[in-house]
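Asker: compute the structure for the input listed below.
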Amino acid sequence: MSHVKAAGSSRNNHNNAGARRGVKRFGGQRVHAGAVLVRQTGATKIAGKGTYMSRNFTIHATKSGTVSFAKVKKRSFTGRTHKRTQVVVE
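Answerer: Model prediction:
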């Protein structure tokens, strides 16, 4: 019997750094224009007034102000509504 596993299996290769996603600025905090508010995978939170979403779904502030969060109903392309958290800078 061989003491080495065949077919080239690799081990100990799952040591990747985390993506550092999540909410970066919380409700009530003051932010400047361009600040990163939320890093996310997909549009789990949506951009409201005073914010914009970049192409990797990161939500940024377009102006300086105070961050707040609100629950809204978002209609999908099938017509069904989903609850989403909207990020707003006032």
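
Asker: now do the end-to-end distance for stretch 46-59.
Answerer: Stretch 46-59 has its terminal residues 8 Å apart, counting by Cα to Cα, to the nearest Å.

Asker: averaged pLDDT, it. What do you get?
Answerer: On average, the pLDDT along stretch 46-59 is 96.

Asker: now tell me what touches it from outside.
Answerer: Here stretch 46-59 makes contact (Cβ atoms under 8 Å, 6 or more residues apart in numbering) with 36-43, 45, 60-63, 65, 70, 72, 74, 84-90. All C-beta atoms are positioned from the backbone trio N, CA, C, and that covers glycine.

Asker: show the buried residues in those residues.
Answerer: Neighbour counting with 16 or more other Cβ atoms under 10 Å marks 37, 38, 39, 40, 45, 60, 61, 65, 86, 87, 88, 89 as buried within the contacts of stretch 46-59.

Asker: and the first one, which of the three is it?
Answerer: The local conformation at residue 37, judged by DSSP: H, G, I helix; E, B strand; the rest coil, is strand.

Asker: use 593 as the first number for this chain going forward.
Answerer: All set: I'll call the first residue 593, so the last point we hit is now residue 629.

Asker: helices and strands around the lengthiest strand in the chain, which ones?
Answerer: If you go by DSSP state E, the chain has its longest strand at strand 657-667. Counting contacts by 3 or more Cβ pairs under 8 Å, 6 or more residues apart in numbering; DSSP states H and E, strand 657-667 packs against strand 622-623, strand 637-639, strand 673-681.

Asker: can I get it in CSV, CA atoms only?
Answerer: Taking Å, rounded to 0.1, in the frame of the first residue of the first chain, the C-alpha atoms of strand 657-667 are listed here in CSV:
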residue,chain,number,x,y,z
GLY,A,657,-24.5,64.2,7.4
THR,A,658,-25.9,61.7,9.9
VAL,A,659,-26.5,58.1,9.0
SER,A,660,-29.9,56.5,9.6
PHE,A,661,-31.5,53.2,8.7
ALA,A,662,-35.2,52.5,7.8
LYS,A,663,-37.1,49.3,6.9
VAL,A,664,-38.8,49.6,3.5
LYS,A,665,-40.7,47.3,1.1
LYS,A,666,-38.9,46.8,-2.2
ARG,A,667,-40.7,45.4,-5.2
